[in-house]
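Enquirer: Need coordinates for the below:
(chains A and B)
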Amino acid sequence: MSKEPVAVVGVGQTKHVAARRDVSIAGLVREAAQRALVDAELAWSDIDAVVIGKAPDFFEGVMMPELYLADALGAVGKPMLRVHTAGSVGGSTALVAANLVAARVHGTVLTLAFEKQSESNAMWGLSLPIPFQQPLLAGAGGFFAPHVRAYMRRSGAPDTIGSLVAYKDRRNALKNPCAHLHEHDITLEKVQASPMLWDPIRYSETCPSSDGACAMVLTDRAGAARAPRPPAWLLGGAMRSEPTLFAGKDFVSPQAGKDCAADVYRQAGIADPRRDIDAVEMYVPFSWYEPMWLENLGFAAEGEGWKLTESGVTELDGDLPVNMSGGVLSANPIGASGMIRFAEAALQVRGQAGEHQVDGARKVLGHAYGGGSQFFSMWLVGAQPPES
Amino acid sequence: MTSEGAPAAREIAVIAFAQTDHRRSTEESSEVEMLMPVLHEVLAQTGLRAADIGFTCSGSSDYLAGRAFSFTLALDGVGAWPPISESHVEMDGAWALYEAWTKLLTGDADTALVYSYGKSSPGSVRDVLTRQLDPYYVAPLWPDSIALAALQAQALIDAGHTDEPALAAVGARNRADATANPHAQLKGRLPHGDYVVRPLRTGDCPPVGDGAAAVILAAGERARELCERPAWIRGIDHRIEAHALGVRDLADSPSTRLAAQKAGAFERPVDMAELHAPFTAQEVILRRALRLGDDVRVNPSGGALAANPVMAAGLVRIGEAAARIHRGDSGRALAHATSGPCLQQNLVAVLEGDPR
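Expert: Numbers count the residues shown, from 1 in each chain, chains lettered A, B, ... in the order given. Model (predicted):
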């Protein structure tokens, strides 16, 4: 059973900001899609199908917005799929699109994810309680803070690690023109002096609410041969899910995340991720998740992830750069955030990441998660096509 | 640029189907409780357990449940432990089946569980569906789903393709056929009723109800091991049209015709069809687009006019068509699903049993 190799030949993003009042939802998604087409030097007529993702429809107040967006994304007369897997959706959407190419159902597919949070209120969208179910109290930070605390206790990490991550990501964002937050006067002291929101998570250690979209053009081997710029090749991709709440769940390092990474590494022939992978775009909405995911993804032994962060390994010029783009901490159009991780990984191996490019990045991991650390999606892209 | 139309490298079949009894209200049970018996039943048909399934995909809509992330808890019904390979479309389950089909085509999995569910009872589905419309120019006017379907029905009548008595006959035939369907919500002899929105009467409109459905897909020899007569997916395709009603010919369904052509529906005649036509006039439009003659048995289940669990009704069509092939009642069947106002988006699958 042979699969068609899948290549990323076009990437487009909007400049992520708190509120894009100058465009409709349709205008926002079309901007990102057109940039991806320009990057690939393709026209709308070259696209065989569109796969779109976003987080809950309540975030904009539009039910199944793909119906309304069909025209804006040139999908009329074509197949159009809408994926929704909570916070991991941007990654899952790219993987569904990749499967259309890998299965040889379509030759060239446009995939896009977005969130226009200014249209509504995400806090309200996440706070509709139903009986007999535990609500996510006080937003996502209230849900995740106890798990961060559990990590600190388990690993013995000093309480300075979270602020190091935030300081790094916000500095990286200054090199990324698409990032929402450009804090030119950021200092470590400012991060550490910011208000405590959900102990131990401080204001400057949390993600912003952004409007933004991200698009990619995925194509087959023949499409890649015609691409004007170097493609990024998909070497491995996987999704894993587990229940949100149950007695056996490890919230610090969920089994679904470990299994997902293991599947990607198996597909890509990665024996030692710490040695074989050059950089990571990781879904870190709260700063402490960098050391937590470094362990979950196999880059560090259990309890050791924070040491990589503390020693500077994950800095832009470190041995394993993490979130070169500034990450979710610097731009969080929720539904798009996972796809941005995947797209930034592709930009790195294509050598197209501009000022936040890692020299010699050949294999880069894109990572996303969603729900109560329930859904995971990841892909590993490389500068060279898969061997098989 | 495209490799579509190339022969599928791998044979994939629907090998099991289960559905709830569709009811006006299931307020005594949660979505998970509504779903669990269906998941157990479809697994039991094949002898598989959740842990044996290679890929799982579901379809549903947060707007029906009235809260964000409603699908995340459905995984409790599946029993996603140890962790599973899983995805979700915010669409009818027919599109979840399409995603699962592509996953099996890649060879990454040999079996897939597909499920979908919808509870319309917590709210007013007529109002809820208005939120699907262009949010800036149309949705603020709250044109509801029956009003839009009435525009379409009137366009069809004006084009001379049908009239009100013919529509009444479509409704009567579907509900008469539904008497043989133990899961149907509306069945038997029902009056054409009063006008809801002219020219549509109550008898032209679907019941509002809650329900869930599940199917299992398997590839190649695995399908033959698990099912006596697999319903092979010979082709499946879906297409979307422009959203604005003003730029579409509401009396036609070009996206259905194109999806049918890409799915190979016109290559040889089918002996039956399950059409996702919640309104009587839509059956007339779909029959024309699909070139179904009077000799083709349409909606022996009673169709969406007998039970219309929103987000599951399309998957039910595929399941009903497959079940007839499993039983030997059909050799080649067509299944159709729709989404969006006035048949905006349409999926067509062609299913076949092995020759006997």
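
Enquirer: how near is the residue of the stretch 1-150 of chain B found nearest chain A to residue B:248?
Expert: For the stretch 1-150 of chain B, the residue positioned closest to chain A under Cβ to the nearest Cβ is residue B:107, at a distance of 3.1 Å. Placement of C-beta: from N, CA and C, glycine included. In this structure, residue B:107 and residue B:248 are separated by 39 Å, where distance is defined by Cβ to Cβ, to the nearest Å.

Enquirer: Of the two, which one has the most company?
Expert: residue B:248 (21 against 15; other Cβ atoms under 10 Å in any protein chain shown).

Enquirer: Against residue A:348, how distant is the residue in the stretch 251-388 of chain A that chain B sits nearest to?
Expert: Of all residues in the stretch 251-388 of chain A, the one sitting closest to chain B is residue A:256 (3.7 Å; Cβ to the nearest Cβ). Look at residue A:256 and residue A:348: by Cβ to Cβ, they are 25 Å apart.

Enquirer: again with residue A:211
Expert: Residue A:211 sits 24 Å away from residue A:348, going by Cβ to Cβ.

Enquirer: between those two, which one's more packed in?
Expert: Remark: of residue A:211 and residue A:348, residue A:348 carries more neighbours, 29 against 26, as counted by other Cβ under 10 Å.

Enquirer: Correct me if wrong: the more buried one contacts residue A:354.
Expert: No - taking Cβ atoms under 8 Å as the contact criterion, residue A:348 and residue A:354 are not neighbours in contact, 10.4 Å apart.

Enquirer: Those residues of the stretch 101-250 of chain A touching chain B, which are they?
Expert: A:102-108, A:119, A:125-126, A:128-130, A:132-133, A:220, A:223, A:238-244, A:246, A:248 (Cβ under 8 Å from any Cβ of the partner chain).

Enquirer: Just the residues you listed: which are in strands?
Expert: A:108, A:238, A:239, A:240, A:241 (DSSP state E).

Enquirer: wait, what's in contact with residue B:195?
Expert: residue B:201 (Cβ atoms under 8 Å, 6 or more residues apart in numbering or on different chains).

Enquirer: Bridged to it, which residues?
Expert: According to DSSP bridges, the partner residues bridging residue B:195 are residue B:201.

Enquirer: Could I get the pLDDT score of it?
Expert: Taken from the predicted model, the pLDDT recorded for residue B:195 is 98.

Enquirer: Let me see the mean pLDDT of stretch B:272-288.
Expert: Predicted confidence along stretch B:272-288 averages 98 (mean pLDDT).

Enquirer: chain center to it: distance?
Expert: Distance of stretch B:272-288 from its chain centroid, counting by Cα atoms, centre = their mean, to the nearest Å, is 12 Å.

Enquirer: Ok, stretch A:334-347 next?
Expert: The gap between where stretch A:334-347 is centred and where its chain is centred comes out at 4 Å by Cα atoms, centre = their mean.

Enquirer: What of stretch B:226-234?
Expert: Using Cα atoms, centre = their mean, the distance from the centre of stretch B:226-234 to the centre of the chain it belongs to is 19 Å.

Enquirer: Chain A contacts on the stretch 101-250 of chain B?
Expert: Near chain A, when you scan the stretch 101-250 of chain B using Cβ under 8 Å from any Cβ, you find B:102-103, B:105-108, B:128-129, B:131-136, B:139, B:237-244.

Enquirer: got a winner among the ones in strands among the residues of the stretch 101-250 of chain A next to chain B for most neighbours?
Expert: By neighbour count, taken as other Cβ under 10 Å, the most surrounded of these turns out to be residue A:241 (31 neighbours).

Enquirer: Quick check: closest non-adjacent residue to that residue.
Expert: By the measure of Cβ to Cβ, 6 or more residues apart in numbering or on different chains, the closest residue to residue A:241 outside its immediate chain neighbours is residue B:86, 4.0 Å from it.

Enquirer: and that neighbour, what are its bridge partners?
Expert: Beta-bridge partners for residue B:86, by DSSP bridges, are residue B:56.

Enquirer: Which residues are in contact with it?
Expert: Contact partners of residue B:86, counting by Cβ under 8 Å, 6+ apart, are A:239, A:240, A:241, A:375, B:55, B:56, B:57, B:58, B:75, B:78, B:80.

Enquirer: Generate CSV for those residues, with pLDDT as supplementary columns.
Expert: What follows is the contacts of residue B:86, written out as CSV (pLDDT from 0 to 100):
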residue, pLDDT
A:239, 98
A:240, 98
A:241, 97
A:375, 97
B:55, 98
B:56, 98
B:57, 98
B:58, 98
B:75, 89
B:78, 91
B:80, 94
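
Enquirer: which two in the residues you listed are spaced the farthest apart?
Expert: Pairwise distances across those (Cβ to Cβ) peak at 15.1 Å, for the pair A:240 and B:58.

Enquirer: In which helix or strand does residue B:238 reside?
Expert: strand B:231-240 (DSSP states H and E).

Enquirer: Oops, could you answer that again for residue B:265 instead?
Expert: With elements taken from DSSP H and E, nothing contains residue B:265; it lies in neither a helix nor a strand.

Enquirer: cool, the one 5 residues further on as well?
Expert: Secondary structure here is read from DSSP H and E; on that basis residue B:270 sits in neither a helix nor a strand.

Enquirer: low-confidence ranges in the chain?
Expert: You didn't say which chain, so I picked chain A. Along chain A, segments meeting pLDDT under 70 span A:1, A:127-139, A:388.

Enquirer: think we crossed wires, I meant chain B
Expert: Counting by pLDDT under 70, chain B contains low-confidence residues at B:1-8.

Enquirer: center of it - which residue?
Expert: Note on chain B: the residue nearest the mean C-alpha position is residue B:314, at 0.6 Å, using Cα atoms, centre = their mean.

Enquirer: which non-adjacent residue is nearest that one?
Expert: On the basis of Cβ to Cβ, 6+ apart, the spatially nearest residue to residue B:314 that is not a chain neighbour turns out to be residue B:337, at 2.6 Å.

Enquirer: Which positions are bridged to that neighbour in the beta structure?
Expert: Beta bridges link residue B:337 to residue B:347 when assigned by DSSP bridges.

Enquirer: list the contacts for it?
Expert: For residue B:337, the set of contacting residues under the criterion of Cβ under 8 Å, 6+ apart consists of B:92, B:94, B:95, B:238, B:276, B:313, B:314, B:315, B:317, B:318, B:346, B:347.

Enquirer: Could you find the closest non-adjacent residue to residue 47?
Expert: You didn't pick a chain, so chain A it is. In space, residue A:47 comes closest to residue A:110 once its chain neighbours are excluded; the distance is 4.6 Å by Cβ to Cβ, 6+ apart.

Enquirer: The chain in question should be chain B.
Expert: Excluding the flanking residues, the one nearest residue B:47 by Cβ to Cβ, 6+ apart is residue B:226, at 7.2 Å.
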